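Novice: Quick check, what structure comes out for this input:
(2 chains)
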Amino acid sequence: MKILIALKQVPARDFPVDADSARAWIDASALSFEMNEPDAYALEAALQLKESSGGEVIAVSAGPPRVQSSLREALAKGADRAIHVDAGEEAARGADPSVTARMLEAAVREEQPQLVLTGLQSDDTGSGQTGVILAARLGWPHATLVVAIEPGADSVRVKRELESGWFQHVTLPLPAVLTIQSGFSRLRYATLMGIKRAKTKEIRLVGPPADALTGQSLRLLGLAEPRRQKQTQFLDGPPAEQAAKLVEKLRFEARVL
Amino acid sequence: MSRILVVLERQAGAWHKMSWEAAAGAMELGRSLGLEVSACVLGDGVGAVAPEAAGAGAAEVLALEHEALGQYCADAWIEALAELIGETRPAFVVFPHTYQTRDFAPALAARFGRTLMADSTGFAMENGAPVFERPLFQGKLIGRFLFETPAPNFVSFQAGAFRAAPGSAASAPVTVRRPALDPARLRQKPEPPFREAAQAVDLSSAERIVAVGRGIQDEGNLELARQLAATLGAELAASRPIIDNGWLPPDRQIGSSGQTVAPKLYVALGISGAIQHIVGMKGAGCIVAINRDPKAPIFEIADYALVGDLFEIAPAILDALSA
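Specialist: Below is the predicted model of the structure:
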């Protein structure tokens, strides 16, 4: 099966994220970037499908040149080749996920895979829509929150996670777009051999579609700091002092101990 | 006259409670824009319960009835709602931000050349137009968004974004409509929903909970959280990444894909506070958050915030409790 896995690069966890001076977007100068974790699960799902039923895995990402490091990581883990949709920082943000879907759409149309997999959402903008919009633009069926995939000859039966511990099986014809739930399976690490091989694999550079930023529906006016919803008391001091203050507060103020 | 359309959700034969929060959001949007609200519900045999939807304050209730809507199917929901929206041209279409909405609403909006404003936590009127807010970067920042496209525009409201109005005895005209759905053209073939295994742990009745997140770093460090939970007489729970790693079973997960809890005491150890987790525990009476990032969103809803290394603070709390 020919599978395309769409991945996004997002600010690495544990890095403080702050707005830039104009509060237009984040200050990326001090950030490090990594593969969006839900997309890492989608990559894992794609690699497992290839191992069980053969085929090819193509990783694609839209963004500035830095995204090539995440594509290289996908190649090291076992993707066969990669496509970098060379988009500017602004277009790659995903503030309007339709823009992201547009940038991926051309690559999908050119490659004609049977399955497109992507993470259920990104850890940065987190709107959880790119895969579904991409399916709508392609005219393909889709399923979201997928936790297991059973491939058939011209269809795929997937297990979807519903709310509150419920699940459901859905069968859909190929080609289709699936968005993969985090925790799909344990993630593999790239082997030394894989990292070595990745250096010889192709990352094909394609330009973004000329209309990527037109037809935008949502405009990001700016960023704001979250509002505190409670009168939070910060308990300061060295750990022993923080702990003593907390226990006293829990006993005599909140009265929950 | 254009209206606001709110799409209510039924789940396992009952109203999804986020439906009423979305309805409250739609009413608020309607008051701000001087527009009436129509509520709509899809299903097979929902006409009988449709009058209940009037209690949310809608001026009319539309019941989309079809045998192909008996069980959720993305294509069926998209086709039926696209037909209704095409005919009635609402100014805004409002959804509760449920898993079901996530599955179909982005494609429905795309059908109209629009992008869904997903997961919004509210709006403010600026220059006569609503500016919608939603969390970005795991809740560390808030994005403020304006629609560039003319009506209809689409927005889904996060759990807790609006307080559901108490159901009133208000009535409103109910119209039952039969969408022109061709079952043969629906591509997803859904099977009945099922539960994997009986949930062994009911955290919703726990009085105290100690929950761990990514900050715990390693499976072996869970012992520290176990000790703290045992000392406090608390249940041990976790955010999604811990469950994904297989460190704790799924029935100990708190958040939008796990359990919703409201204990008297909730201790969050190394949990940053992504919205998916917050919606599952913000109803707790007293929230203690321990995290080394002073800007972690969990601190916004915490009563007591301890910034620092949980591997130093948690043992110190154990000491202080036994002192």
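
Novice: Strands of the stretch 101-250 of chain A, start to end?
Specialist: Using DSSP state E, counting those that start in this stretch, the strands found in the stretch 101-250 of chain A span residues A:115-119, A:142-151, A:155-161, A:166-173, A:176-180, A:203-206, A:218-224, A:233-234.

Novice: Identify the residue of chain B closest to chain A, quick one.
Specialist: B:Asp244 (3.1 Å; C-beta to the nearest C-beta). No exception for glycine: its C-beta is placed from N, CA and C like everyone else's.

Novice: which stretches of chain B have low pLDDT?
Specialist: B:1, B:167-168, B:197-199 (pLDDT under 70).

Novice: Okay, strands next: where are they in the stretch 201-323 of chain B?
Specialist: Under DSSP E, counting those that start in this stretch, the stretch 201-323 of chain B gives strands at B:208-212, B:235-238, B:265-269, B:286-291, B:304-307.

Novice: could those strands be laid out in CSV, adding mean neighbour count and distance to chain A?
Specialist: CSV is the format used below for these (neighbours: other C-beta atoms under 10 Å in any protein chain shown; distance: least, C-beta to the nearest C-beta, whole Å):
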stretch, mean neighbour count, distance to chain A
strand B:208-212, 27, 7
strand B:235-238, 25, 12
strand B:265-269, 28, 4
strand B:286-291, 26, 4
strand B:304-307, 24, 5
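
Novice: right, and those - which one's nearest A:Ala106?
Specialist: Of all the strands of the stretch 201-323 of chain B, strand B:235-238 sits nearest to A:Ala106, with 40.7 Å by C-beta to C-beta.

Novice: The residue of chain B closest to chain A contacts A:Arg186, correct?
Specialist: No: B:Asp244 is beyond contact range of A:Arg186, at 9.0 Å (criterion: C-beta atoms under 8 Å).

Novice: okay, those two: which has more neighbours?
Specialist: Neighbours of B:Asp244 and A:Arg186, each counted by other C-beta atoms under 10 Å in any protein chain shown, are more numerous for B:Asp244; the result is 20 against 11.

Novice: Please convert the strands of the stretch 101-250 of chain A to TSV, extending it with distance to chain B and mean neighbour count.
Specialist: Output for the strands of the stretch 101-250 of chain A, formatted as TSV (distance: least, C-beta to the nearest C-beta, whole Å; neighbours: other C-beta atoms under 10 Å in any protein chain shown):
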stretch	distance to chain B	mean neighbour count
strand A:115-119	12	28
strand A:142-151	5	22
strand A:155-161	6	20
strand A:166-173	4	18
strand A:176-180	8	28
strand A:203-206	22	15
strand A:218-224	4	18
strand A:233-234	5	14
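
Novice: returning to that earlier point: so what's the residue count around the closest residue to the residue of chain B closest to chain A other than its chain neighbours?
Specialist: In space, not counting the residues next to it along the chain, B:Asp244 is nearest to A:Gly183; the distance is 3.1 Å by C-beta to C-beta, 6 or more residues apart in numbering or on different chains. For A:Gly183, the neighbour count with other C-beta under 10 Å is 22.

Novice: again with B:Gly308
Specialist: 19.

Novice: Then B:Ala170?
Specialist: Based on other C-beta under 10 Å, the number of other residues close to B:Ala170 is 13.

Novice: ok, now which ones touch it?
Specialist: B:54-55, B:57 (C-beta atoms under 8 Å, 6 or more residues apart in numbering or on different chains).

Novice: from the residues you listed, which is closest to A:Leu75?
Specialist: B:Gly57 (54.9 Å).

Novice: what's the spacing between the closest one and B:Pro152?
Specialist: 21 Å (C-beta to C-beta, to the nearest Å).

Novice: Which parts of chain A are helices?
Specialist: A:37-53, A:68-77, A:89-92, A:97-111, A:130-138, A:192-198, A:239-248 (DSSP state H).

Novice: Would you mind finding the most buried of these?
Specialist: Most buried of the helices of chain A by mean neighbour count (mean count of other C-beta atoms under 10 Å in any protein chain shown) is helix A:130-138; its value is a mean of 26.

Novice: quick check, that one touching chain B?
Specialist: Yes: counting by C-beta under 8 Å from any C-beta of the partner chain, contacts between helix A:130-138 and chain B involve A:132-133, A:135-137.

Novice: As a markdown table, the residues you listed with pLDDT would be great.
Specialist: Converted to a markdown table, these look like this (pLDDT from 0 to 100):
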| residue | pLDDT |
| --- | --- |
| A:Val132 | 98 |
| A:Ile133 | 97 |
| A:Ala135 | 98 |
| A:Ala136 | 98 |
| A:Arg137 | 96 |
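
Novice: Quickly list the domain ranges of chain A.
Specialist: As assigned by automatic domain parsing, chain A contains the domains A:2-206, A:227-257.

Novice: If A:Met63 is in a bridge, with which residues?
Specialist: Actually, residue A:63 is Gly. It isn't Met. A:Asp86 (DSSP bridges).

Novice: er, B:Ala289 I mean
Specialist: Where B:Ala289 sits in a bridge, its partners, by DSSP bridges, are B:Ala268, B:Ala305.

Novice: can I assume it is in contact with B:Glu300?
Specialist: No: between B:Ala289 and B:Glu300 there is no contact under C-beta under 8 Å: 9.3 Å.

Novice: shared neighbours of these two, which are they?
Specialist: B:Gly273.

Novice: one step back: tell me which of the domains of chain A lies nearest to B:Val267.
Specialist: domain A:227-257 (9.3 Å).

Novice: Kindly check the end-to-end length of that closest one for me.
Specialist: 29 Å (C-alpha to C-alpha, to the nearest Å).

Novice: for the record, mean pLDDT for that domain?
Specialist: On average, the pLDDT along domain A:227-257 is 92.

Novice: which residues of the stretch 51-200 of chain B fall in strands?
Specialist: B:60-65, B:92-96, B:117-120, B:122-126, B:129-136, B:141-147, B:153-157, B:174-177, B:189-190, B:194-195.

Novice: Mind giving me the packing neighbours of the third one?
Specialist: Under the contact definition 3 or more C-beta pairs under 8 Å, 6 or more residues apart in numbering or on different chains; DSSP states H and E, strand B:117-120 sits against helix B:99-111, strand B:129-136, strand B:153-157.

Novice: Just the residues contacting that strand, thanks.
Specialist: Residues contacting strand B:117-120 (C-beta under 8 Å, 6+ apart): A:126-129, A:218, B:97, B:102, B:105-106, B:132-135, B:145, B:147, B:153-158, B:161, B:275.

Novice: Thought B:Ile4 was touching B:Gly30, still the case?
Specialist: Yes: using C-beta under 8 Å, B:Gly30 is in contact with B:Ile4, at 5.0 Å.

Novice: Which one's more surrounded, the two?
Specialist: Counted by other C-beta under 10 Å, B:Gly30 and B:Ile4 do not tie: B:Ile4 has more neighbours, with 26 against 22.
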